[in-house]
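Enquirer: Have a look at this fold, sequence not included:
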Ligand SMILES: [Zn+2]
């Protein structure tokens, strides 16, 4: 294990609410991590500056930046692994995250290579979570896994046959944007009745507000606190969220004959409030025997999963992407 601990990567997790950077070792341990809030600016360079501030802080704290420059000491952190909010396009290295309006076809990979002078590998943030849970977390030893994040949005990534599934452009696993209700609300992506438009923290809080919920700041956290006290609207908000998740998971498991489903993210952190209605809907909609077999379990790595999965792009590329970097 010593050799694992000597191998290092600079990992970056790009989300709609925060940018995080870290030095992660081959044992999947986060050694140093720094973050910034995601800017709401529509200026792509302002958004990029917040990202590089988080990265530079991390490098400085770890003593791995080259003095007087913005470059990484390549002997100490030889490459950067990025897990980014989606959509992205791995064929050209660009990102257009739904929740980061300042970046549309933003050339993230080239900009990071240009600034830091080391190779950059990029994957979707939810794929990063799936890889992390398989590499070092709850899904170790399972060959076929759906990893999900239920937080501000809803994301997913698949491990099939022990390898990460990338798809044509890096966007495989977008379970948050499949429809689970043809009469449901319009989604931020433009679709109708998407899982994310019902189950995400933002969506369940919006549904509660529409149904008269006024506690605290009205956030998903406030809804969870009210649900724990037995508030009927708050309980129903989580029941709807869990039921839609169970329906979508039943579809994914039926399509892909999975072994395990791992769910992380802040909304999943409420536990039985979400997992009980989820389990009921899953067992109702997964009608075929093989599809009802997999267990649905909480994340083991929590908020660090995105960084650990991004690090795997550098530290375990042959294991998860055997057909080459970024699946190309
Ligand atoms: Zn959608």
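Expert: Yep, that arrived. Remember, predicted model here, so these are calculated numbers, not experimental data. Numbers count the residues shown, from 1 in each chain.
Enquirer: quick one: contacts for the residue nearest the centre of the chain?
Expert: For the chain, residue 126 is the residue whose C-alpha lies nearest the centre (C-alpha atoms, centre = their mean; 3.0 Å). Residue 126 makes contact with 86, 147, 148, 149, 155, 156, 157, 173, according to C-beta atoms under 8 Å, 6 or more residues apart in numbering. Every C-beta, even on glycine, is put in place using the N, C-alpha and C of the backbone.
Enquirer: Point me to the residue of the stretch 201-328 of the chain nearest the ion.
Expert: Closest approach of the stretch 201-328 of the chain to the ion (C-beta to the ion) occurs at residue 203, with a separation of 10.1 Å.
Enquirer: Now that residue: which helix or strand?
Expert: helix 201-210 (DSSP states H and E).
Enquirer: who's in contact with that helix?
Expert: Identification of contacts with helix 201-210 by C-beta under 8 Å, 6+ apart yields 150-153, 185, 196-198, 213, 218-220, 222-223, 233-234, 237-238, 240-241, 266-267.
Enquirer: if you go through the stretch 51-200 of the chain in chain order, where are the strands?
Expert: 80-84, 88-89, 94-95, 120-124, 145-150, 154-160, 163-164 (DSSP state E, counting those that start in this stretch).
Enquirer: circling back to that earlier point, how deep is the residue of the stretch 201-328 of the chain closest to the ion tucked in, by neighbour count?
Expert: Neighbours of residue 203 under the rule other C-beta atoms under 10 Å: 27.
Enquirer: how close does it get to residue 226?
Expert: Here residue 203 is placed at a distance of 16 Å from residue 226 (C-beta to C-beta, to the nearest Å).
Enquirer: what's the answer for residue 101, then?
Expert: Distance of residue 101 to residue 226, computed by C-beta to C-beta: 31 Å.
Enquirer: okay, those two: which has more neighbours?
Expert: When neighbours are counted by other C-beta under 10 Å, residue 101 and residue 226 differ, and residue 226 comes out ahead with 21 against 14.
Enquirer: contacting residues around the more buried one?
Expert: Residue 226 makes contacts with 213, 215, 233, 234, as judged by C-beta under 8 Å, 6+ apart.
Enquirer: Nearest residue to residue 119 in space, please, no chain neighbours.
Expert: Among residues not flanking residue 119 along the chain, residue 79 sits closest, at 4.5 Å (C-beta to C-beta, 6 or more residues apart in numbering).
Enquirer: So what does the residue nearest to residue 182 when sequence neighbours are not counted look like in phi/psi?
Expert: Leaving aside its chain neighbours, residue 182 sits nearest to residue 193 (5.6 Å; criterion: C-beta to C-beta, 6+ apart). With angles defined as degrees, to the nearest 10, residue 193 sits at phi 70, psi 30.
Enquirer: In this protein, mark out all the helices, start to finish.
Expert: For the chain, the helices defined by DSSP state H occupy 2-6, 44-62, 108-116, 125-136, 195-199, 201-210, 220-228, 232-256, 272-285, 305-315, 317-320.
Enquirer: ok and the third one relative to strand 120-124, angle-wise?
Expert: Okay, so that is helix 108-116. Relative orientation of helix 108-116 and strand 120-124, computed by axes from the mean of the first three to the mean of the last three C-alpha atoms, to 10 degrees: 150 degrees.
Enquirer: so where's this protein uncertain?
Expert: Scanning the chain for pLDDT under 70 picks out 1-2, 64-72, 74-76, 324-328.
Enquirer: Tell me who's in contact with residue 237.
Expert: Applying C-beta under 8 Å, 6+ apart to residue 237 gives the contacts 204, 205, 207, 208, 211, 213, 223, 227.
Enquirer: Please tell me how far it sits from residue 261.
Expert: Taken as C-beta to C-beta, the span from residue 237 to residue 261 is 22 Å.
Enquirer: Output the contacts of residue 126 in JSON lines; the columns should cover distance to residue 293 and neighbour count.
Expert: What follows is the contacts of residue 126, written out as JSON lines (distance: C-beta to C-beta, whole Å; neighbours: other C-beta atoms under 10 Å):
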{"residue": "86", "distance to residue 293": "29", "neighbour count": "27"}
{"residue": "147", "distance to residue 293": "18", "neighbour count": "32"}
{"residue": "148", "distance to residue 293": "18", "neighbour count": "29"}
{"residue": "149", "distance to residue 293": "23", "neighbour count": "29"}
{"residue": "155", "distance to residue 293": "24", "neighbour count": "30"}
{"residue": "156", "distance to residue 293": "19", "neighbour count": "27"}
{"residue": "157", "distance to residue 293": "21", "neighbour count": "32"}
{"residue": "173", "distance to residue 293": "21", "neighbour count": "25"}
